[in-house]
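1. Make a model of this:
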Amino acid sequence: MTLIRAVILGIVQGLTEFIPVSSTAHLLVAERLLGLPSDEGTFAFSVIIQLGTVVALLAFFWKDIWQITAAFVLGLKNRKPFEDFHARLGWLVIVATIPALIAGFLLKDVVQNRFGDPFTQAGVRLLVTAALLVAVEYFDRGARPLESATWLDALAVGFFQVLAIFPGASRSGSTIAGGMARGLDRPSAARFAFLMSAPILLAAGGYETLQALAFPNIGELLPYLAVGFIVAAVVGWISIKWLLAYIGKHPLYIFAVYCAAVGALVLIFR
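-> Now for the predicted structure:
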């Protein structure tokens, strides 16, 4: 690992975690192009910079998270848990998180151990993501704001998030598609997708970070880990801001075309 490689990987992670193009697939490709070995050090670096984008997510939505948390607690205290919109949104985030938690616990090892070469998985899932984005955009009639979201909407988006446990699948792409499939407008679908992904990303990132920090000789990587973490966090924050502005005025087809092209190239040159 070098500082230049750390910066490049941090940029890749920050750009692709929230834009619906799959950060996992892009990190796999970037690591191979940079000649990095598939060892504990590379794994640890990938985990730490992913945690950097989690920090970006929490920083960007800190006001929303604070409002949701405060309203949620106040609603429980006053025994009116669903009266306030932000309190209801907190419950919806919990409902949307449950399917991914269960699926991640039950299926993650099976997916990693039995579905073959990760590059093949990444290529296939990128093509699936492309098809999914095209489908929801083509049939999109969504005009519902986030305030109209229901329990069924949250559960449906939660099941879409299950797709993210497969290597190469885009978490943001799957969950935004899920929201749009339920009739939410694109900005609302994206906002809900980001808010509901925060608990999963934080839990998974924290768990994997503890595992990564237990690797021998991890201290030698600390300067590079710090650089990659900071770069991923900064670029991730910018990416969220850009995406929310972009999809308010533009369809998702450009991301579908990109995923299809990258997926095809990954399968051809794997």
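2. Report the buried residues of stretch 3-20.
-> By 16 or more other C-beta atoms under 10 Å, the buried positions in stretch 3-20 come out as 5-20. Yep, even glycine has a C-beta here, placed from its N, CA and C like the rest.
3. any idea how far R5 lies from Y224?
-> For R5, the distance to Y224 equals 8 Å [C-beta to C-beta, to the nearest Å].
4. What of Q211?
-> For Q211 relative to Y224 (C-beta to C-beta), the value is 18 Å.
5. So which of those two has more stuff around it?
-> Y224 (23 against 13; other C-beta atoms under 10 Å).
6. Need the contact partners of the one helix or strand the more buried one maps to.
-> According to DSSP states H and E, Y224 maps onto helix 222-246. Contact with helix 222-246 is made by 1-3, 5-7, 9-11, 13-15, 17-19, 44-45, 48-53, 55-57, 59-60, 172, 187, 190-191, 194, as judged by C-beta atoms under 8 Å, 6 or more residues apart in numbering.
7. just checking, next helix/strand downstream of that helix?
-> helix 253-269.
8. does D84 really touch G75, like I thought?
-> Yes - the pair D84 / G75 is scored as a contact, 5.9 Å apart, by C-beta atoms under 8 Å.
9. tell me which residues in stretch 66-83 are buried?
-> Buried residues in stretch 66-83 (16+ other C-beta under 10 Å): Q67, I68, A71, F72, G75, P81.
10. Kindly report the same for stretch 203-217.
-> A204, G205, E208, T209, A212.
11. Quick check: the third one vs I230, distance?
-> In this case it means E208. E208 sits 19 Å away from I230, going by C-beta to C-beta.
12. What ranges does the stretch 101-250 of the chain have for its helices?
-> 118-138, 151-161, 171-181, 186-213, 222-246 (DSSP state H, counting those that start in this stretch).
13. Can you tell me which of those is most buried?
-> Comparing the helices of the stretch 101-250 of the chain by mean neighbour count (mean count of other C-beta atoms under 10 Å), helix 171-181 comes out on top with a mean of 27.
14. how much does that helix deviate in direction from helix 151-161?
-> Here helix 171-181 runs at an angle of 150 degrees relative to helix 151-161 (axes from the mean of the first three to the mean of the last three C-alpha atoms, to 10 degrees).
15. And the closest residue to T2 other than its chain neighbours, what's its pLDDT?
-> Nearest non-adjacent residue to T2, counting by C-beta to C-beta, 6 or more residues apart in numbering: Y224, 7.4 Å away. We have a pLDDT of 84 for Y224.
16. quick one: Y224 from G90, how far?
-> Computed as C-beta to C-beta, the Y224 to G90 distance reads 37 Å.
17. next one: A156
-> 18 Å.
18. mind checking how far the spatially closest residue to G263 that is not a sequence neighbour is from L267?
-> With sequence-adjacent residues excluded and distances taken as C-beta to C-beta, 6+ apart, G263 is closest to L126, at 3.1 Å. Distance, L126 to L267, using C-beta to C-beta: 9 Å.
19. Kindly report the same for I165.
-> Taking C-beta to C-beta, one finds I165 at 20 Å from L267.
20. A232 too?
-> Distance from A232 to L267, by C-beta to C-beta: 27 Å.
21. How about W62?
-> 40 Å.
22. which of these two has more neighbours?
-> L267 (15 against 10).
23. quick one, what contacts the more buried one?
-> Counting by C-beta under 8 Å, 6+ apart, L267 touches F119, T120, G123, V124, L127.
24. Taking helix 171-181 as reference, get the angle to the helix or strand bottoming out on mean pLDDT in the chain.
-> The least trusted helix or strand in the chain, going by mean pLDDT, DSSP states H and E, turns out to be helix 85-114, with a mean of 78. Interaxial angle of helix 85-114 relative to helix 171-181 (the same axes, to 10 degrees): 130 degrees.
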